[in-house]
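J.: build me a structure from this.
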Amino acid sequence: MARLKKPVDYIAELQSSSDRNKRQVGEQLKMAYATWTKTLKTEDFLKFLELIQRNKEKIGAAQFFGKFRAFSFEEYVYHVLKTRVRIPESLNVFWGRRCKVSAGKNGVYGIEADIAIGVEDNAFIKPEIVVDAKVELDASRLKTALASFMLVKAYNRKTRCFLVYIKREVDAALLKLARKWIDGIFEFNAEEKEVKKFIVAVQEALLQKL
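T.: As a prediction, this is how the structure comes out:
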């Protein structure tokens, strides 16, 4: 994992606050975090996110709140891939690392992937799988994901790209159109049907590369 600040750090910051209300929220989040990281049930993770949402005002700054939720979802997907997908020994799962998208006279350039499965290539990752995780998926975030996937695939043509989200805030027609350019789009909810489909899709993509 490469995230410099992880969900546990946000929780610890709340726990150490001089504000009593923030400390209480931090303790509640610590327990909820311990639950979902143990069970990896989507239902438990969603309860954790709901707890963050309910305490938005107590948590404070919008940037703190937004990154806390975003990084939490990324971590959930990271753990799901690490524990529920059979990763070939030659590959690893990376969180928040840059994937190489160009290399030439002007130097090497990479873009950050929420989660990637691949191999390390100096300071970058050579990805076989790239996953973009969005708590809320609106038109802007969908377009950003599409652009990132296009850059990744332009340099790594065999890379498979998947998009996972929790709440859809984008028009269904646009999402349907995007499916032509993304290898799989999955909505994570308490029923876990889409989570299981996501796991199968990633596993099949990896098997095709063996």
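J.: contacts and neighbour counts: CA atoms only from here.
T.: Noted.
J.: wait, Leu91 touches Ile117, no?
T.: Yes - using Cα atoms under 8 Å, Leu91 is in contact with Ile117, at 6.5 Å.
J.: neighbour-wise, which of these two wins?
T.: When neighbours are counted by other Cα atoms under 10 Å, Leu91 and Ile117 differ, and Ile117 comes out ahead with 27 against 16.
J.: list the contacts for that one?
T.: By Cα atoms under 8 Å, 6 or more residues apart in numbering, the contact list for Ile117 reads Leu91, Asn92, Val93, Phe94, Pro127, Glu128, Ile129, Val130.
J.: quick check: the fourth one vs Ala113, distance?
T.: It stands for Phe94. 9 Å (Cα to Cα, to the nearest Å).
J.: name the residue closest to the centre of the protein, please.
T.: Centroid-nearest residue in the chain, with Cα atoms, centre = their mean: Glu74, separated by 2.8 Å.
J.: mind showing which ranges of this protein have poor pLDDT?
T.: Along the chain, the model assigns pLDDT under 70 to residues 1-3, 62, 210.
J.: tell me where it has strands.
T.: For the chain, the strands defined by DSSP state E cover 92-95, 98-104, 107-112, 115-121, 124-138, 160-169, 184-187.
J.: I'd like these as JSON lines, with distance to Ser148 appended.
T.: Output for the strands of the chain, formatted as JSON lines (distance: least, Cα to Cα, whole Å):
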{"stretch": "strand 92-95", "distance to Ser148": "16"}
{"stretch": "strand 98-104", "distance to Ser148": "9"}
{"stretch": "strand 107-112", "distance to Ser148": "7"}
{"stretch": "strand 115-121", "distance to Ser148": "13"}
{"stretch": "strand 124-138", "distance to Ser148": "9"}
{"stretch": "strand 160-169", "distance to Ser148": "10"}
{"stretch": "strand 184-187", "distance to Ser148": "15"}
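J.: which of the ones you listed sits closest to Leu46?
T.: Distance to Leu46, taken as Cα to Cα, is lowest for strand 160-169 among the strands of the chain, at 8.8 Å.
J.: packing partners for the closest one?
T.: strand 124-138, helix 139-155, strand 184-187 (3 or more Cα pairs under 8 Å, 6 or more residues apart in numbering; DSSP states H and E).
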